[in-house]
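A.B. asks: A predicted structure for the sequence below; I have some questions about it.
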Amino acid sequence: MRKLGLSFVSVAAVVLLAACNTGDAGKTEKGKSDVASIAIEEGEYIIPQASEAEASEGDGFLALKVKITNESDKSIDLASDDFMLYDEEDNKISLENFYMSETGIKTLSYEKISAGKSKTGYIIFEVGKDEAYQLHYEPTIYEIDKELDPVVLDVNTGDYEDNSEEAVNAATAYIDEVFLATTNENYNKLVSNDRDAQISAFDSNFTKGLKNAFYYYKVTDDEASSVGKAFKEANGEVAEVTYEVTSYFPDSAEIAIKAEVLLFDEMEDEMDRIEEDFVESNNDLDYEARWEGADKAVLAKLPELFKSSFPAEAESYSDSFKMVLKKKDDKWEIQTKSSYSSYYDYLEEAFRGGLYKN
C-alpha cells in the first residue's frame, strides 16, 4: 500500500541566487486538501556547480522552500512524484536532483510525517526566470474510495530575485578592507567578521613573512609594520581581482577568486641588484656587516620598489583561490578557520605578495 508521498534526493553544491516573494497578484502561496496542506514559504534561484549542470540562457534553478502539513489522523509518506511543476503550456518540469555538498541547503527526502506534524525543505526545478508556472501537490492514497484533487499553487518566477551578487560584494569588501587597505562601504553592511581583528591578523602574518625573508638583518616590528602599510597601499592601487560564484545558497556561498597582485618573486631581480650594489660598494666592512647592511638597504628600498612594480597573477593550487562564506543575521562571515583555513591561508598568502608566514 502506498500512502502520500514526496521524495527528494539531496542537492549538490549549487549557487543560490537568494530572493524574497515580492508580488501578490495572481499568487497562491498556500493550499490544502483533506489529507495535507502545502505552503511555499520562500524561494531562491540556484545555479549548480559547473560539475553538476548549467541552466539554459534565460533560465535558472529555482529552489522553493515548501512546508507540508499532515492534516489527517494517520502518518503519511513523502515521495518524489507527489510534486509536479507545469508551465503555461502544461509541460511538466522535472525535479532536479543534485548531490549536496556540506555547504548546501536542506532538501526534502523520503520520510514519514506523523498526524498533525509538518515537514519543511526545498524542492528544485529548472525554470524560465520570468514565467508563470503551477506547482501541483498530488498525493496518491489507496485507503480511500475517492480520488483526491491535487493542491495547486501558482508560481511566478519573476517574484524571485537574483541576489548572488551580494556574496560577491561581501567577498570584495573583505579583500578591499583587509588585504588592500581600500575603503569599501559594503563591509559594515554585508560582512560580519571583526574588521579590525582581521586586519590585525593579516598585518601580523605579513610581519612574520617579511622577517622570514631576511637572513642577516633582524627586521623590527616597526619596520615590518611600515613596509606592510606601504605594500598594502601600493597593492590596493594596482591589484586586479576577479570573482566568480561557484556555489550559493541562502546561508552559504563559495567564491572562486583570481588575483593579479604585487608579488615579491617578481621583484626579486631588483632586490638582488640593490643587495649586490651595497655589497660591492662596502668592501671595507666585514662579511656579516656587509650582508646585514645589504638586507637593510633592500628593506629601505621596498616602499619605493612597490610603487614601481607591476602586478602579476598569483598562482593557486587549482585554477583559482576559494573563499567560503556563511550567512547569519543578514551578514556574511568569511570562513578563515576550521576546515576552511587552508583555503583562506592560500588566499591571504597571495595578497601578502607570496610571503610565507611560517
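C.D. replies: Everything's here; your move.

A.B. asks: can you give me the strands in the stretch 101-250 of the chain?
C.D. replies: Under the criterion DSSP state E, counting those that start in this stretch, the stretch 101-250 of the chain carries strands at the ranges 112-113, 118-128, 132-137, 151-156, 240-248.

A.B. asks: mind putting those into a markdown table with distance to Leu325?
C.D. replies: Where C-beta positions appear, they are placed from N, C-alpha and C, glycine not excepted. Shown next, in a markdown table, are the strands of the stretch 101-250 of the chain (distance: least, C-beta to C-beta, whole Å):
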| stretch | distance to Leu325 |
| --- | --- |
| strand 112-113 | 33 |
| strand 118-128 | 19 |
| strand 132-137 | 30 |
| strand 151-156 | 28 |
| strand 240-248 | 9 |
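
A.B. asks: show me how this protein divides into domains.
C.D. replies: The record's domain parsing of the chain by automatic domain parsing lists 14-159, 165-351.

A.B. asks: on that earlier part again, which of the strands of the stretch 101-250 of the chain sits closest to Lys92?
C.D. replies: With C-beta to C-beta, the closest approach to Lys92 among the strands of the stretch 101-250 of the chain belongs to strand 132-137: 9.1 Å.

A.B. asks: sorry, back to before: need the domains of the chain in CSV with mean pLDDT, can you?
C.D. replies: CSV is the format used below for the domains of the chain (pLDDT from 0 to 100):
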stretch, mean pLDDT
domain 14-159, 77
domain 165-351, 95
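
A.B. asks: now the ones you listed as TSV including distance to Lys357?
C.D. replies: As requested, the domains of the chain are arranged in TSV below (distance: least, C-beta to C-beta, whole Å):
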stretch	distance to Lys357
domain 14-159	27
domain 165-351	4
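
A.B. asks: next, format these as CSV and append mean neighbour count.
C.D. replies: Formatted as CSV, these follow (neighbours: other C-beta atoms under 10 Å):
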stretch, mean neighbour count
domain 14-159, 17
domain 165-351, 17
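
A.B. asks: what's the closest non-adjacent residue to Tyr344?
C.D. replies: Nearest residue to Tyr344, sequence neighbours excluded (C-beta to C-beta, 6 or more residues apart in numbering): Thr336, at 4.5 Å.

A.B. asks: and the one you found, its phi and psi?
C.D. replies: With angles defined as degrees, to the nearest 10, Thr336 sits at phi -110, psi -10.

A.B. asks: so it touches Asp194, yeah?
C.D. replies: No - taking contacts as C-beta atoms under 8 Å, Thr336 lies outside contact range of Asp194: 10.8 Å.

A.B. asks: can you give me the helices for this protein?
C.D. replies: Secondary structure of the chain (DSSP state H): helices located at 165-174, 186-190, 195-213, 221-238, 268-281, 287-308, 341-351.

A.B. asks: same for the third one, what does it pack against?
C.D. replies: Just to be clear, that refers to helix 195-213. Contacts defined by 3 or more C-beta pairs under 8 Å, 6 or more residues apart in numbering; DSSP states H and E place helix 195-213 against helix 221-238, helix 341-351.

A.B. asks: nearest to Asp81, out of those helices?
C.D. replies: Closest of these to Asp81 is helix 341-351, at 39.4 Å (criterion: C-beta to C-beta).

A.B. asks: against which helices or strands is that closest one packed?
C.D. replies: Counting contacts by 3+ C-beta pairs under 8 Å, 6+ apart, helix 341-351 is packed against helix 195-213, strand 252-261, strand 321-328.

A.B. asks: which stretch among these comes nearest Leu180?
C.D. replies: Smallest distance to Leu180 across the helices and strands packed on helix 341-351 (C-beta to C-beta): 8.7 Å, for strand 252-261.
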